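Trainee: Any chance you can model this:
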Amino acid sequence: MRAALGFAASIFVSSLAIEARAQDASPWQRDGHSAVRLLAGSRSGSVLLGGIGFQLQPGWKTYWRTPGDSGVPPRFDFSKSDNVEAVTVLWPAPTKFDDGAGGNSLGYHDQVVLPLRIVAKNTDKPVTLRADVNYAVCEKLCIPVEASVELAFNSVASTEDSALFAALDTVPKPANVGDPNPLTIRDVKRQGRSEVLVDVVTPDERPINLFVEGPTPDWGLPVPKLLDHGPPGVKRFAFALDGVPPGVNPQGAALKLTLAGGDRAYEFNINLD
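Mentor: Okay, the predicted model is just below:
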């Protein structure tokens, strides 16, 4: 009898854990090659941590906020949410892919969680996040996907906290040119009118990637290329000032540089001299 009661109790506890986990993550919304869902972190105060999780079939990818030489960035609409003032999407450092047309696209494969910083309008009222998600999944061809996901933030201690904090660790940390980090940008300078050189210091020979974004989405700067030869002690990247909107002078433009290597990633905001 005691054995039977113990088994029943363990089943009950397990079912509670499964129910709690289900409350902290929405059901997967699946298409033929991917799936998407929302994750809720522990609720405390007016600023909440959440996430959008993507699963991708082997060989398929989706895109970063700036897709590179080709691709479509994800788009999110949170306007149907309840008691939500604002949502900020945070982006883990992307991977660089060959786009099959001589260029590079930037994004994610297998699985990724994009952390969300959610500001509640009223801390005393329930928060329900609703997201209309538009993204593309690509192998050799790209397929557009639309999904609608919904999740209430209820838990004082969420079962998804560890996954969300792990995702936060993959978001590039703010840095300044010349910071004494093991992986850092030492210098950024113009070469002539149409090329920018970026000198990077790295602690080892592991591959590193550098990405550049303009001040507005209509900028389409190319993915920086690692040059074969650079000054002693640095890796030199170069990119052309192509993709600048017509009629815009790039002098003084605010650029965002993302540097990623190994388990480190940093984000640098610069003004183009």
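Trainee: tell me which helix or strand of this structure sits lowest on mean pLDDT?
Mentor: Evaluated with mean pLDDT, DSSP states H and E, the helix-and-strand set of the chain has its lowest mean pLDDT in helix 2-23, which scores a mean of 42.
Trainee: what about the helices in the stretch 151-273 of the chain?
Mentor: Ranges of helices within the stretch 151-273 of the chain are 161-169, based on DSSP state H, counting those that start in this stretch.
Trainee: so where's it shaky on pLDDT?
Mentor: In the predicted model, the stretch 151-273 of the chain carries no residue with pLDDT under 70.
Trainee: which residues in it form strands?
Mentor: Listed in chain order, the strands found in the stretch 151-273 of the chain under DSSP state E, counting those that start in this stretch are 173-175, 184-191, 195-201, 208-213, 225-226, 235-240, 254-261, 264-271.
Trainee: Likewise for the stretch 1-150 of the chain?
Mentor: Counting by DSSP E, counting those that start in this stretch, the strands of the stretch 1-150 of the chain are 29-30, 34-40, 47-56, 61-68, 75-77, 84-89, 95-98, 104-109, 111-120, 127-138, 142-153.
Trainee: Select, out of those, the one closest to residue 261.
Mentor: Distances from residue 261 to each of the strands of the stretch 1-150 of the chain were compared using Cβ to Cβ; the minimum, 11.9 Å, belongs to strand 95-98. Backbone N, C-alpha and C define where each C-beta goes, glycine included.
Trainee: Spatially, what comes nearest to the residue nearest to the spatial centre of the chain if we skip its sequence neighbours?
Mentor: The centroid of the chain falls nearest to residue 91 when counting by Cα atoms, centre = their mean (2.1 Å). In space, not counting the residues next to it along the chain, residue 91 is nearest to residue 65; the distance is 5.3 Å by Cβ to Cβ, 6 or more residues apart in numbering.
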